[in-house]
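Undergrad: Sharing a sequence plus its predicted fold:
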Amino acid sequence: MTRYNVPVIGDRSGFQEIDFELEKGIIGEVDNRAPVRDTKAAPYRFVCHLEIRQTGSDGSSRTTFGTGTLISNRHVLTCGHNIRDRAGRVIYNAQRVAVTPGKNTSREQTFADRMSWTPFGSHITTNCAPHPQWRDHFNHHYDYGLITLPNDIGSKKFGFLNNRRLGYWGSAAEGGGTVLAAIDPETIRNKVVYVCGYPNDKCGDKPYNGVTCPKGQRGGTQFLAFDKVLDPRPPTEHRLLYHHADAKLGQSGGPIWRQEGNRWHFVGIESSSESTFGQYTLHNVGVRITTELLNELRNVLGWRV
């Protein structure tokens, strides 16, 4: 019998453990993720690769990788566990984050290719904060946080954008049709959503073999998947949404969106995978974009646009 393992991120107490194991986030037998070829286009240029240096409460240190979304000229929205995480009794806090919008290592490793891997540059910051409910209690309803960059990278102009600014998700002038606003969750029930991010199981746009990968190339390619929303507002987890779009480690913190014509509606932040209680149906989990979340970003974490 095939054994599956559903890893748990954060405090997921109260869920039934099941005797089958699946690598995080692949729903069913087929991995439907595909590489994003043009990360200079909207909305992909707002999706950021995160390289996170963390220090543990036991004095240890580690480097992890994740995904975030540029939501102002200098603010990146991500999941809380990219900023503060725990492994057993050890609590890890982010000390330094390298943020790279639109990173794309899908091309081969010639010098010219390497120069194009970071079309909008990489930006270092030490200013990042999870929601207090995640920071103090690892409450999975609040698994999100805000990274603040030292400079307004969204206002920088680029020649390959026809001398237009990078912009950010939700910008009326330079957001490329992206929208960041609360929506009625019932409007996305059984609707298709997209999940985008930087999975660690890839070397460029190919599977990582677990042994070798050119420096800087592993986990540096955006992948996109789509599938239906299973439950946009679970009865006991009303700040979350469940969906069936494939994702893997490294994609946590990435955007979940609903596309309608030329508009991309940000509906959730990729958080973790989980099983439905008492059943063998698997799904992925996002923290839903709500009025409360947007107000908390502004009033608690200092988001400004």
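TA: On my side now, so go ahead. Numbers count the residues shown, from 1 in each chain.

Undergrad: hang on, isn't Gly175 packed against Arg164?
TA: No: when contacts are counted by C-beta atoms under 8 Å, Gly175 is not listed as touching Arg164 (11.5 Å). From N, CA and C alone the C-beta is placed, and that goes for glycine too.

Undergrad: Neighbour count for the two, which is higher?
TA: Higher neighbour count among Gly175 and Arg164: Gly175, with 21 against 13, using other C-beta atoms under 10 Å.

Undergrad: got the contact list for the closest residue to the more buried one other than its chain neighbours?
TA: For Gly175, ignoring the flanking residues on the chain, the nearest one in space by C-beta to C-beta, 6 or more residues apart in numbering is Gly167 at 5.5 Å. Shown in contact with Gly167 (C-beta atoms under 8 Å, 6 or more residues apart in numbering): Ala42, Arg45, Phe46, Gly154, Ala173, Glu174, Gly175, Gly176.

Undergrad: got a winner among the residues you listed for most neighbours?
TA: When neighbours are taken as other C-beta under 10 Å, the top entry among the contacts of Gly167 is Phe46 (31 neighbours).

Undergrad: And that residue, how far from Tyr92?
TA: 26 Å (C-beta to C-beta, to the nearest Å).

Undergrad: Next: Asp38.
TA: Asp38 is 34 Å from Tyr92, by C-beta to C-beta.

Undergrad: Show me which of those two is the more surrounded one.
TA: Neighbour totals were compared for Asp38 and Tyr92, and Tyr92 leads with 22 against 11 (other C-beta under 10 Å).

Undergrad: Hmm, that one is touching Asp85, no?
TA: Yes: contact criterion C-beta under 8 Å: Tyr92 and Asp85 qualify, at 4.7 Å.

Undergrad: tell me, what's touching these two both at once?
TA: By C-beta under 8 Å, 6+ apart, Tyr92 and Asp85 have these common neighbours: Gln54.

Undergrad: out of the contacts of Gly167, who's nearest Asp136?
TA: Phe46 (29.6 Å; C-beta to C-beta).

Undergrad: The chain: helices as residue ranges?
TA: Applying DSSP state H to the chain gives helices spanning 111-116, 132-137, 291-299.

Undergrad: Enumerate the positions of the last one that are buried.
TA: Read that as helix 291-299. Leu293, Glu296, Leu297 (16 or more other C-beta atoms under 10 Å).

Undergrad: How about stretch 242-261?
TA: Neighbour-count burial for stretch 242-261 [16+ other C-beta under 10 Å]: 242-258.

Undergrad: Quick one: distance of that stretch to the chain centre.
TA: Mean-position distance between stretch 242-261 and its chain equals 8 Å (C-alpha atoms, centre = their mean, to the nearest Å).

Undergrad: now stretch 65-85
TA: 7 Å.

Undergrad: before we move on, what about stretch 148-157?
TA: 20 Å.

Undergrad: For the most centrally placed residue in the chain, give me the pLDDT.
TA: Geometric centre of the chain, nearest residue: Gly254, 1.7 Å, by C-alpha atoms, centre = their mean. With respect to pLDDT, Gly254 scores 97.

Undergrad: next one: Trp264
TA: 97.

Undergrad: Of the helices of the chain, give the one that comes closest to Ile147.
TA: Ile147 lies closest to helix 291-299 among the helices of the chain, at 11.8 Å (C-beta to C-beta).

Undergrad: where in the stretch 51-200 of the chain is pLDDT low?
TA: Where the stretch 51-200 of the chain drops to pLDDT under 70, the residues are 109-112.

Undergrad: Is it correct that Asp31 is in contact with Asp227?
TA: No: assessed by C-beta under 8 Å, Asp31 is found out of contact with Asp227, at 11.7 Å.

Undergrad: got any residues that touch both of these two?
TA: Residues touching both Asp31 and Asp227 (C-beta under 8 Å, 6+ apart): Asp246.

Undergrad: contacting residues around Val192?
TA: Contact analysis of Val192 by C-beta under 8 Å, 6+ apart lists Phe226, Asp227, Lys228, Val229, Arg258, Gln259.

Undergrad: Can you say which two of the contacts of Gly167 are spatially most distant?
TA: Spatial extent of those (C-beta to C-beta) is set by the pair Arg45 and Ala173 at 14.8 Å.

Undergrad: quick one, strands of the stretch 101-250 of the chain?
TA: 123-125, 127-130, 145-148, 157-158, 164-165, 178-179, 192-197, 202-203, 206-207, 223-231, 240-243 (DSSP state E, counting those that start in this stretch).

Undergrad: right, and those - which one's nearest Ile71?
TA: For the strands of the stretch 101-250 of the chain, proximity to Ile71 was assessed by C-beta to C-beta; strand 145-148 is nearest, at 8.5 Å.
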